[in-house]
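*Asks:* Predicted model and sequence below, questions to follow.
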Amino acid sequence: MLVVISPAKTLDYENSAPTGEFTVPEFVEHSRELIDVCRALTPADIASLMSVSDKIAGLNAARFASWSPEFSLENAKQALFAFRGDVYTGLDADTLSADELGYAQSHLRMLSGLYGLLKPLDLMQAYRLEMGTGLANGRGKNLYEFWGSIITDKLNEALAAQGDDVLVNLASNEYFKAVSAKHIQGTVVSPVFKDAKNGQYKIISFYAKKARGLMTRFILATRSTSIEALHDFNYDGYYYSPEQSKPLQPVFLREER
């Protein structure tokens, strides 16, 4: 079972990762091409393009300027421990055992606007470049056109290598659009998480993001290999709802907090 999740806007480069092991991103040359495009942008351009404050735009201009194609523990951090945010709160990567982390390296991937696809231990330099950004580049008008079939092809390689043909989509719509689901050589399953509010079950963004991280952690802990095994997910009060589910869209409910 291969899991894909989104990255996070919030990054942590202040605290050390719990391991010194690392790998290097596979698409560094593609990332360098994007960096060259981003370096031509002024902070004002970045603010307009990304709809961010002048302060964040300046920070990202500095990040683009300092980015290097040479990765080390001095200028980068393992992606799984660098990303912070709701999904990663649920995943709680800092408490993974060495065995679980090794399993994650084969069974978990993070989608990225700049890096395309990251393994958990891939070193990552700080950046902000969301997949939905309309960044014109030499391959097209946005990052979806830039990455084309590259991400899908690499996911198919990972699926073939990890032992079964199930891809669990725990990424946001913005990021999973970078994957051509119809060309995935396996079954794509997309869990849905709903919380009770005012007598109805709804997708509440904050809770749903954290639940994606919880489901990721569940898969790493149980080493699930089938869609049916996902139905046992019960972290933090969620439970499987066969009535609301579809075969490739299992729904998990939680009562009002």
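*Replies:* Good, I have the coordinates.
*Asks:* With adjacent residues omitted, what lies nearest to residue 93?
*Replies:* Nearest non-adjacent residue to residue 93, counting by Cβ to Cβ, 6 or more residues apart in numbering: residue 80, 4.8 Å away. Any C-beta I mention is one placed from the backbone N, CA and C, and that applies to glycine too.
*Asks:* pLDDT score assigned to the one you found?
*Replies:* Confidence at residue 80, expressed as pLDDT, is 98.
*Asks:* Quickly find the element holding it.
*Replies:* Here residue 80 is covered by helix 79-82, with elements defined by DSSP states H and E.
*Asks:* and if you look at residue 228?
*Replies:* According to DSSP H and E, residue 228 maps onto helix 227-230.
*Asks:* in that helix, what's buried?
*Replies:* 227, 230 (16 or more other Cβ atoms under 10 Å).
*Asks:* Please could you give me each C-alpha atom of that helix, formatted as CSV?
*Replies:* Presented in CSV, the C-alpha positions along helix 227-230 are these (Å, rounded to 0.1, in the frame of the first residue of the first chain):
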residue,chain,number,x,y,z
ILE,A,227,-8.7,-1.5,1.2
GLU,A,228,-10.7,-3.6,3.7
ALA,A,229,-7.9,-3.3,6.2
LEU,A,230,-8.5,0.5,6.2
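*Asks:* outside of it, which residues touch it?
*Replies:* 166, 168, 187, 189, 191, 215, 218-219, 222, 224, 240, 247-248, 250 (Cβ atoms under 8 Å, 6 or more residues apart in numbering).
*Asks:* 7 Å instead, please
*Replies:* Helix 227-230 is contacted from outside by 166, 189, 191, 222, 224, 250, using Cβ atoms under 7 Å, 6 or more residues apart in numbering.
*Asks:* Just the pLDDT at residue 257, thanks.
*Replies:* pLDDT, residue 257: 78.
*Asks:* Kindly report the same for residue 69.
*Replies:* On the pLDDT scale, residue 69 is placed at 95.
*Asks:* if I pick it, what's in contact with it?
*Replies:* Contacts of residue 69 (Cβ under 7 Å, 6+ apart): 28, 32.
*Asks:* Then it would be within a helix, right?
*Replies:* No: using DSSP: H, G, I helix; E, B strand; the rest coil, the assignment for residue 69 is coil, not a helix.
*Asks:* what's the distance between it and residue 241?
*Replies:* 47 Å (Cβ to Cβ, to the nearest Å).
*Asks:* swap in residue 162?
*Replies:* Separation of residue 162 from residue 241 (Cβ to Cβ): 28 Å.
*Asks:* neighbouring contacts of the helix holding residue 80?
*Replies:* Identification of contacts with helix 79-82 by Cβ under 7 Å, 6+ apart yields 11, 12, 13, 17, 93, 94, 110, 118, 120, 121, 122, 124.
*Asks:* Name the nearest residue to the second one, sequence neighbours excluded.
*Replies:* Nearest in space to residue 12, with sequence neighbours left out and distances taken as Cβ to Cβ, 6+ apart, is residue 84 at 4.8 Å.
*Asks:* Would you agree the one you found is in contact with residue 13?
*Replies:* No: using Cβ atoms under 7 Å, residue 84 makes no contact with residue 13, being 10.1 Å away.
*Asks:* quick one, strands of the stretch 151-257 of the chain?
*Replies:* 166-170, 187-189, 192-197, 200-202, 239-240, 251-254 (DSSP state E, counting those that start in this stretch).
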